[in-house]
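Asks: Have a look; sequence and predicted model below, questions after that.
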Amino acid sequence: MSNKLIDIVNITKSFDENVVLDQLNLYIRENEFLTLLGPSGCGKTTLLRILGGFETPDSGDIIFDGKNINNLPPNKRQLNTVFQKYALFSHMSIAENIAFGLKIKGKSKGYIQDKIRYALKLVNLEGYEDRTPDSLSGGQQQRIAIARAIVNEPKVLLLDEPLGALDLKLRQDMQYELIRLKNELGITFVYVTHDQEEALTMSDTIVVMNQGYIQQIGTPEDIYNEPQNAFVADFIGDSNILPATMVEDKVVKMLGAVWQCVDVGFGRNKPVDAVIRPEDIDLVKPEEGIIEGVVTHLIFKGVHYEMEVLANNYELLVHSTDMFPVGTEVGIKVDPFDIQIMKKPESEDAEAVGIEE
Amino acid sequence: MIKNGLKRFYLILIFILLYAPIVTLMVLSFNSSKSRSKWGGFTGKWYVALFQNQDIMNALYTTLIIALVSALVATIIGTAAAIGIQAMKPKFRTFMMGVTNIPMLNADIVTGISLMLLFIAFRFSLGFMTILLAHITFNIPYVILSVMPKLKQTSKHTYEAAMDLGASPVYAFFKVVFPDIMPGVFSGFLLAFTMSLDDFVITHFTKGPGVDTLSTKIYSEVRKGIKPEMYALSTIMFVTVLILLILVNVTPEKKASSSGQKQEIKKKHRISRFIFRKVVPTAIVIVIIAGGFFYGSQNSDAGNNQVIVYNWGEYIDPEVLTMFEEETGIDVVYEEFETNEIMYPKIQSGAIAYDVVCPSDYMVQRMIENDLLAEIDFNNIPNLKYIDSTYMEQSRQFDPENKYSVPYLFGTVGILYNKTMVDEPIDSWSVLWDPKYKDSILMQDSVRDAFGVTLKYLGYSLNSTDLDELNEAKNLLIKQKPLVQAYVVDQVRDKMIGNEAAIGVIYSGEALYTKQENPNLEYVIPKEGSNLWIDSWVIPKNAKHKENAEKFIDYLCRPEIAKMNFDYITYSIPNSEGRKLIEEDWMRESKVAFPDPEDLANCETFKFLGDDNDAVYNQLWREVKSK
């Protein structure tokens, strides 16, 4: 990928003694679809608002295209934001909404007309120029909000949980729209969400945040398959996080048995956490498994069955396309590639990982 | 069914009770007869008369200008304040809202007086500006109150979105936030406008000479007897306020509830656009034009060639003022007071630089003692020669060297009796204690008059501060109580005319009037002496137009002018040449109006006795009344 567009250096921000962001470092590349992912209150929206210029960091610098923009007001920044609640101007028509930024920039009438038509086409709402925002559905309003932002040709588009208020189907449609838009426009997206599925679907890079700290930065595959700590593992998808002991490289002891894995470098006989995704657990005949267990719960989820299996006093979550009724004795197998070993955190602070890629 | 009928009846009854007074007023405004009890046919003439009355129209201009300007300024300040408060942390916001609400809950009179004190403390001279400032002050909380809820509804995201799209904070505010809170701002403006139109108390305390709003104007007119023009004016005001209130209550209605109501929204936008493109500019234009008119008329007044007169209500023939203005080219700014005690603090505070004032005797004394008066240059008052020397001498009681005051009107306190109801001619206060007249005696219900009469009867000064003398008087008054039919003030006149009592203590001015109504009534100043009161013209020390004030006093001393005022006010004039011009013989020769100097020999004017002695008098009077 190309070079850094935004460099966030040592940003700290607190509200009334409550530290929301602590010494945070991050950079965003040109043309990247970067997602800030984390539970509510993790500081992701604050970070976005600092980028947009609506909050000032207590310390640290925001470098945009090589220039420090800490004290640049929002209206002078080459960024546009799509707000969670759309924030359309209800007393203006759709066309007036979209033209708002262009009029301020003093563009010609013809240019503005072209842009409105182009933007409405881009978001699949041609012919809506004269409608008022209140007469549109939530998804339509959100697309107008996006159209209003992109006609200004910002270098970066900031999106603050833009799909949060939409229903599932609409959300999925919009996710594809956003990916299409990003590819068509070639601008950088910084996307804030607490929905891991959204993040995994759209992002080039995911930044997992918790309590003001970055937990992990990586591609969706990295984040999903190689969570670096229990928080990430737990937050991204369902997982079984088990206490384990690293016997030696590529050998781990957990659930009262010894397992083969692929991780190295944790030392000998060191306590660790092991992560196993529910869909990576294979249920087989009792004699074929490494350990044995009993199915205690069964739920049909559509694509798969979700089961809980009691093995050596641990409840394991298992997703499988095969169905095992409650009470069945099963054997449990896991492919060595599917066991992810993580360092045990010594304290909560140590859970936060300072990332230097 | 019966229950429903009762409900309806109750509702109708309440509406009748609520609106009957206003409907009566409206009906009377179209009554061609001046009488309140007689219908003389439908007419619009009072409305015509109203619009021809320059004073009222001036007051109307003033009212509208003050209402519009104060509402506009309060709207701007209040909206800005509401935005500031909204941006505060919740703790401070609650506190600030509480603070801004207090002035609304505060009694008007407290607000009015405190504003007056503030203006005086900062040496603002009371006038148009102070009314305007006062109105802006009390209007701001109303604007905040009506803007605040709209701001709470408005998402801050739209403001941020506008900034994000490149709008400066100011542009974002006017383009995005303001249209959202517009209904609140507009209803705040209307509310402020209505409150300003409506206000009397605060205006009363903060206004200066020559400036009147409709409410203060109506109030001063009411004192002189309500004219039918006032019914017309009140009707117009009521209808105006009603329309405004309807506007206030209809405008902020329903924020398009569901998404389908495009029409609704369009309409709302048309209304707000209409208000902004048409109504507001029109209002501003009216303010400017009306303001131009007002200041046009005001500036000709406000030139240096003026005299600011502070006089009792109904205490000069208005024609005299016009004639004076025409002859001298001096503009008279005329202001009225109701009692000496209301007048005094205004002079003392120096808030308004009056040029010539008409206090009573004891108040002249008090003003001299407090160094509030300027010496009059009597070289500028050649007409002083027409003032009877008797009254110049009597004036020495309160103005020992005749340096500060010129007598204007005077009167005495005496006994009015019905010739047919008493046996002998009366010449002494002693009849008031004569058991023969039990239940036929009317006493003045005022402490200084009651004690004055008694002290004189006992042969003491009516300004006595000797406790023994006062106690003696008190005991005598208690002794008199069983004989007295009633302690009254104004009713002496009516009761005596109606033959309801034989003897009454009365002022000479009223006695003169009773004689025309009932020829059996006689007025006498008892031989022991009585109270002589003199209202005199004085010039306050801070007068800005002293020469004009002296010209004014001199003008009033002209015999023909004094006579005009006598005809108008019917109180005695000390102007001996003026008296000769009175047409009716009986009036000119009336001993009631113009007592012989020897009748006045034992008379005294009241003196200001000091607060402590006032308290003693009041205490003794309470003892009398409670026994």
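Replies: Yes, it's here. Numbers count the residues shown, from 1 in each chain, chains lettered A, B, ... in the order given.

Asks: What mean pLDDT does the longest helix anywhere in chain B get?
Replies: The longest helix of chain B (DSSP state H) is helix B:54-87. The average pLDDT within helix B:54-87 is 88.

Asks: now swap in stretch A:43-60 and tell me
Replies: The average of the pLDDT scores along stretch A:43-60 is 89.

Asks: Can you list the neighbours in contact with that stretch?
Replies: Stretch A:43-60 is contacted from outside by A:6, A:8-14, A:20-21, A:23-24, A:26, A:36-38, A:62, A:69-74, A:76-77, A:79, A:81, A:156, A:158, A:160-161, A:190, A:192, A:194, A:209, A:211-212, B:160, B:163-164, using Cβ atoms under 8 Å, 6 or more residues apart in numbering or on different chains. Bear in mind the C-beta positions are built from the backbone N, C-alpha and C, glycine included.

Asks: among those residues, which are in strands?
Replies: If you go by DSSP state E, the contacts of stretch A:43-60 have A:6, A:8-14, A:20-21, A:23-24, A:26, A:36-37, A:62, A:79, A:81, A:156, A:158, A:160, A:190, A:192, A:209 in strands.

Asks: got the CA coordinates for stretch B:436-449 in PDB?
Replies: Provided in PDB are the C-alpha atoms of stretch B:436-449 (Å, rounded to 0.1, in the frame of the first residue of the first chain):
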ATOM      1  CA  LYS B 436     -76.100  68.100  70.800                       C
ATOM      2  CA  TYR B 437     -74.600  67.000  67.500                       C
ATOM      3  CA  LYS B 438     -74.000  63.400  68.400                       C
ATOM      4  CA  ASP B 439     -73.900  61.300  65.200                       C
ATOM      5  CA  SER B 440     -74.000  64.300  63.000                       C
ATOM      6  CA  ILE B 441     -70.300  65.100  63.000                       C
ATOM      7  CA  LEU B 442     -67.900  64.000  60.200                       C
ATOM      8  CA  MET B 443     -64.200  64.000  61.000                       C
ATOM      9  CA  GLN B 444     -61.300  63.800  58.600                       C
ATOM     10  CA  ASP B 445     -59.700  60.400  58.700                       C
ATOM     11  CA  SER B 446     -56.100  61.600  58.600                       C
ATOM     12  CA  VAL B 447     -53.700  61.900  61.500                       C
ATOM     13  CA  ARG B 448     -52.400  65.400  60.900                       C
ATOM     14  CA  ASP B 449     -55.800  66.800  60.100                       C
END
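
Asks: Give me the local confidence score for B:Phe294.
Replies: 58.

Asks: And for A:Asp349?
Replies: So, for A:Asp349, pLDDT stands at 47.

Asks: for A:Ile291, same thing?
Replies: For A:Ile291, pLDDT reads 90.

Asks: now B:Lys266
Replies: In this model, B:Lys266 is scored at 53, pLDDT.

Asks: Can you get me a residue count around B:Leu145?
Replies: Counted by other Cβ atoms under 10 Å in any protein chain shown, the residues lying close to B:Leu145 total 19.

Asks: list the contacts for B:Lys456?
Replies: Residues near B:Lys456 by Cβ under 8 Å, 6+ apart: B:Trp429, B:Leu462, B:Pro526, B:Glu528, B:Gly529, B:Ser530, B:Asn531, B:Asn602.

Asks: Can you tell me which of those has the largest number of neighbours?
Replies: For those, the largest number of neighbours (other Cβ under 10 Å) sits with B:Ser530, at 27 neighbours.

Asks: right, and that one touches B:Phe606 too?
Replies: No. Using Cβ atoms under 8 Å, B:Ser530 makes no contact with B:Phe606, being 11.1 Å away.

Asks: got any residues that touch both of the two?
Replies: By Cβ under 8 Å, 6+ apart, the residues touching both B:Ser530 and B:Phe606 are B:Gly452, B:Leu462.

Asks: any idea how far chain A is from B:Gln491?
Replies: B:Gln491 sits 66 Å away from chain A, going by Cβ to the nearest Cβ, to the nearest Å.

Asks: Contacts only, for that residue.
Replies: B:Gln491 neighbours (Cβ under 8 Å, 6+ apart): B:Leu442.

Asks: ok, 6 Å please
Replies: B:Gln491 makes contact with no residue under the criterion Cβ atoms under 6 Å, 6 or more residues apart in numbering or on different chains.

Asks: how much space is there between B:Asn520 and B:Leu373?
Replies: 44 Å (Cβ to Cβ, to the nearest Å).
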